[in-house]
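A.B. asks: heads up, no residue letters with this:
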């Protein structure tokens, strides 16, 4: 097994979220293609009733970006045992339209070159989905009471992964940064 595939499996086991299930679904999506880089991002959400776990896995191959997302489904009155759903998608690198990064840096006046951000958000777009943010439009006249409609932005939103040093640790931010670099390099080569 190549070293990068072993590292991916190690990362899945370290995340501790159904590692064998996730490895199996990712393996099917990879279809024997080499792993160039990967990012495993576990996330836990809380609502008023329960705790839910999610896992997002991004795998870069020489020709594709493979995404896997796994969700918990707790037992309930209709389903006596817990279950999980695992979804994969494979996107040819030539179809990736954007690799966006948002770096959040606390106290930017003291930032030193090479210091990791406190938070990194990776937004990937290949045209399958878009996010539209709308707000009421306004004009420069403070006395104006007219309805100026709406204004907004449309941005690619096919995959979003937010990694926080506070929540996941600096190594998770470093891993996200390394993956983003590898993906950006691979996408640039397809142009």
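C.D. replies: Happy to help now that I have it. Computed from a predicted structure; not experimentally measured.

A.B. asks: How about residue 150: what's its closest non-neighbour residue?
C.D. replies: Using Cβ to Cβ, 6 or more residues apart in numbering and skipping the chain neighbours, the partner closest in space to residue 150 is residue 134 (4.7 Å). C-beta: built from backbone N, CA, C; applies to glycine.

A.B. asks: Settle this for me: that neighbour is touching residue 151, isn't it.
C.D. replies: Yes: Residue 134 is in contact with residue 151 according to Cβ atoms under 8 Å; the separation is 7.2 Å.

A.B. asks: tell me the domain ranges of this structure?
C.D. replies: The record assigns the chain these domain ranges, following automatic domain parsing: 3-94+174-189, 100-156.

A.B. asks: So which of those domains is nearest residue 166?
C.D. replies: domain 100-156 (6.8 Å; Cβ to Cβ).

A.B. asks: Please compute how far the closest one lies from its chain's middle.
C.D. replies: From the chain centre to the centre of domain 100-156 is a distance of 17 Å (Cα atoms, centre = their mean, to the nearest Å).

A.B. asks: avg pLDDT for it?
C.D. replies: Averaging pLDDT along domain 100-156 gives 86.

A.B. asks: And for stretch 54-73?
C.D. replies: For stretch 54-73, the mean per-residue pLDDT is 94.
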